[in-house]
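S.K.: coords please:
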Amino acid sequence: MNKHKKNQTAPRRAAFGCTGKQLDAILRFAEEHKLEHQPLHFVVAEYWRCEARAKAA
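M.R.: Numbers count the residues shown, from 1 in each chain. Model prediction:
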């Protein structure tokens, strides 16, 4: 009998609560900035920092 794991990781999209278009944009950003081997939370943080700078300018 298999027991349910309490600490299962969520799928990438569900972990950050983003839409498919947002995930595509984040992954494209990672490829363009050579971040594809970084943890996803780091890439997401960099993506939003870049977006905030673009809006502020």
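
S.K.: any weak-confidence spans in this structure?
M.R.: Low-confidence segments of the chain (pLDDT under 70): 1-16.

S.K.: how distant is stretch 23-43 from the center of its chain?
M.R.: The chain centroid and the centroid of stretch 23-43 are separated by 7 Å under Cα atoms, centre = their mean, to the nearest Å.

S.K.: With adjacent residues omitted, what lies nearest to Phe29?
M.R.: Nearest in space to Phe29, with sequence neighbours left out and distances taken as Cβ to Cβ, 6 or more residues apart in numbering, is Tyr47 at 4.8 Å. Placement of C-beta: from N, CA and C, glycine included.

S.K.: Now do the helix or strand that contains the one you found: which elements does it pack against?
M.R.: Secondary-structure assignment from DSSP states H and E places Tyr47 in helix 40-56. Counting contacts by 3 or more Cβ pairs under 8 Å, 6 or more residues apart in numbering; DSSP states H and E, helix 40-56 is packed against helix 12-16, helix 20-32.

S.K.: roughly how far is that helix from the heart of the chain?
M.R.: Offset of helix 40-56 from its chain centre (Cα atoms, centre = their mean): 10 Å.

S.K.: now the angle between helix 20-32 and that helix, please.
M.R.: Using axes from the mean of the first three to the mean of the last three Cα atoms, to 10 degrees, the direction of helix 40-56 lies 100 degrees away from that of helix 20-32.

S.K.: Sweet, I'm off.
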